[in-house]
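Trainee: Below: sequence and its predicted model.
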Amino acid sequence: MEKTEQPKGKAEESQSRCLSCGVTSASRPLVQLEFRGEERWVCVRCLPILIHGGG
């Protein structure tokens, strides 16, 4: 099956997932970050865990 490129924008955002819990922007705001040249996303609930560390 041939893979077709989707237009960027809303379709791309809907596929973005939090690197920690996997939630999408459809249910929680996501913040974009870049690390070692790779684009990542983290949700607002997991961001404090990323900053301060988890128990």
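Mentor: Yep, it's here.
Trainee: Over to G22: give its phi and psi.
Mentor: phi 90, psi 0 (degrees, to the nearest 10).
Trainee: mind checking how far it is from G54?
Mentor: Distance, G22 to G54, by CB to CB, to the nearest Å: 16 Å. (Each C-beta comes from the backbone N, C-alpha and C, glycine too.)
Trainee: for this structure, what are the low-confidence residue spans?
Mentor: The model of the chain has pLDDT under 70 over residues 1-14, 55.
Trainee: any idea where the strands of it begin and end?
Mentor: In the chain, the strands defined using DSSP state E lie at 30-35, 38-43.
Trainee: Compare those and give me the one nearest C18.
Mentor: With distances scored as CB to CB, the stretch of these nearest to C18 is strand 38-43 (4.0 Å).
Trainee: Show me what that closest one is packed against.
Mentor: Applying 3 or more CB pairs under 8 Å, 6 or more residues apart in numbering; DSSP states H and E, we find strand 38-43 packed against strand 30-35.
Trainee: Sheet-wise, list the partners of the strand it packs on with their directions.
Mentor: strand 38-43 (antiparallel) (DSSP bridges).
Trainee: what comes up buried for the partner strand?
Mentor: 40-43 (16 or more other CB atoms under 10 Å).
Trainee: What distance do you get for the closest residue to P29 other than its chain neighbours to H52?
Mentor: Nearest non-adjacent residue to P29, counting by CB to CB, 6 or more residues apart in numbering: V44, 5.0 Å away. To H52, V44 is 14 Å away according to CB to CB.
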